[in-house]
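# just coords:
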């Protein structure tokens, strides 16, 4: 009986550790950044976005904006009912909720010239598709990263060492 309890406890600890260390940071437009002349619908193809992932928009402060808008405002390139907006590049947006999130550059002519991004966000780190819900974001500048497929980082920040310790503890419990 004690052996079954130890195995169950160890398995639960290991499973909880796995969920803490999954988040991807995507650099919008890769090395091109957030600028005119980039096909952002092509950029999103083949990528699976999940709640907890982040988008880094690289651009010079004042040159562009990252403005989150509704679907209809995205289609019409209107920033008059912006959900959030930032013009102090680079801008990092954490994808907190599942659904499709819409971003445009509100500088006149930029959105109609192609500076618009629609990102379908799944409900978990697995990237499984879910039904859309109202978007919610925050903007916090962070150092830029350049990747094509995204870079995995711990979603728990300082909890990553604790996760490793919990995993080791779980293995010890499983062995004894």
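Cool, the structure landed. From a predicted model like this one, the values you see are computed outputs, not experimental measurements.

# Report the contact partners of residue 39.
Applying C-beta atoms under 8 Å, 6 or more residues apart in numbering, we find residue 39 in contact with residue 114. All C-beta atoms are positioned from the backbone trio N, CA, C, and that covers glycine.

# oh sorry, the question was meant for residue 107
63, 64, 65, 115.

# Report the buried members of these.
Buried members of the contacts of residue 107, scored by 16 or more other C-beta atoms under 10 Å, are 64, 65, 115.

# helix/strand/coil for the first one?
Taking DSSP: H, G, I helix; E, B strand; the rest coil as the rule, one finds residue 64 in the coil state.

# Just confirm it contacts residue 103, I think it does.
No. Between residue 64 and residue 103 there is no contact under C-beta atoms under 8 Å: 10.7 Å.

# Find the residues that touch each one of those two.
Between them, residue 64 and residue 103 share the contacting residues residue 57, judged by C-beta under 8 Å, 6+ apart.

# What does the pLDDT read for residue 109?
We have a pLDDT of 96 for residue 109.

# That one: neighbour count?
By other C-beta atoms under 10 Å, the residues close to residue 109 number 10.

# Quick one: the strands in this structure, in order.
Assigned by DSSP state E, the chain shows strands spanning 23-27, 49-50, 54-57, 66-69, 84-86, 91-94, 99-104, 116-122, 151-153.

# Make a markdown table from those and add mean pLDDT and distance to residue 37 to it.
Shown next, in a markdown table, are those (pLDDT from 0 to 100; distance: least, C-beta to C-beta, whole Å):
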| stretch | mean pLDDT | distance to residue 37 |
| --- | --- | --- |
| strand 23-27 | 94 | 16 |
| strand 49-50 | 95 | 23 |
| strand 54-57 | 97 | 15 |
| strand 66-69 | 98 | 17 |
| strand 84-86 | 96 | 21 |
| strand 91-94 | 96 | 19 |
| strand 99-104 | 98 | 15 |
| strand 116-122 | 96 | 13 |
| strand 151-153 | 41 | 24 |
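
# excluding its backbone neighbours, what's nearest residue 118?
Of all residues beyond its chain neighbours, the one nearest residue 118 is residue 102 (5.3 Å), with distances taken as C-beta to C-beta, 6 or more residues apart in numbering.

# how near is the one you found to residue 22?
Distance, residue 102 to residue 22, using C-beta to C-beta, to the nearest Å: 24 Å.
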